[in-house]
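Structure for this input, please:
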Amino acid sequence: MNRIQKTSAAIALLGACAGLVNAETFVVELDGPSFVYNGFTDMDIELIVAVGDTVRWEWTSGFHNVVNGFPGDPDENTLFNSGSPTSDPLTFFEYTFDDAGVFGYHCEVHEDIGMISFVTVVPAPSTMMALAPGLMLMRRRR
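Here you go, the predicted model:
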């Protein structure tokens with residue numbers, strides 16, 4: 001295999017592996033006085049997403065909004081805010097996380113009764129990590 005063929009093979013492998021790292025959307029329901037995800041509510045939710053993933057909050061019942069931060073936090077409402085509270089069950093709000101960290105959020109209407117939760121955002125899997133086994137195989141074939 002000549003250098004051009006090896007380079008073409010590496011580019012093809014890169015293109016194939018790029019599809020392995022896809023952003024996902026995670027849905028949290030706003031139901032009554034609680035956030036609900038995967039059968040858990042509010043602070044019991046363990047929602048771990050990767051950088052580039054989206055969280056979609058969907059109104060199912062009740063009068064709500066979604067605001068980042070924990071109540072009383074000076075950075076509250078600086079990253080995302082769904083706007084004024086509403087009870088329209090067709091309402092949804094999405095936010096794509098671009099940075100790793102722990103991000104609190106709450107419903108301003110129900111924060112006093114514990115409608116508070118958080119999302120843990122971890123670094124996205126690297127495309128280069130996905131490529132590493134393929135690149136090692138190419139090296140061995142020389």
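
Past the helix or strand bottoming out on mean pLDDT in the chain, which element shows up next along the chain?
Lowest by mean pLDDT, DSSP states H and E among the helices and strands of the chain is helix 3-18, with a mean of 39. Sequence order places strand 25-31 as the next helix or strand after helix 3-18, per DSSP states H and E.

Run through who's touching the helix or strand that that next one is followed by.
Secondary structure here is assigned by DSSP H and E; on that basis, the next helix or strand after strand 25-31 toward the C-terminus is strand 34-37. Strand 34-37 is contacted from outside by 26-30, 41-42, 45, 47, 57, 60, 105, 107, 115, 117, using C-beta atoms under 8 Å, 6 or more residues apart in numbering. (Each C-beta comes from the backbone N, C-alpha and C, glycine too.)

at 7 Å instead, please
Counting by C-beta atoms under 7 Å, 6 or more residues apart in numbering, strand 34-37 makes contact with Val28, Glu29, Thr41, Asp42, Ile45, Leu47, Met115, Ser117, all of which sit outside it.

next one: stretch 46-63
So stretch 46-63 is in contact with 23-33, 37, 40, 66, 82, 85-89, 91-100, 109, 119-125, going by C-beta under 7 Å, 6+ apart.

6 Å - rerun?
Residues from elsewhere that reach stretch 46-63, judged by C-beta atoms under 6 Å, 6 or more residues apart in numbering: 23-32, 37, 66, 85, 87, 89, 91-96, 100, 109, 119-124.
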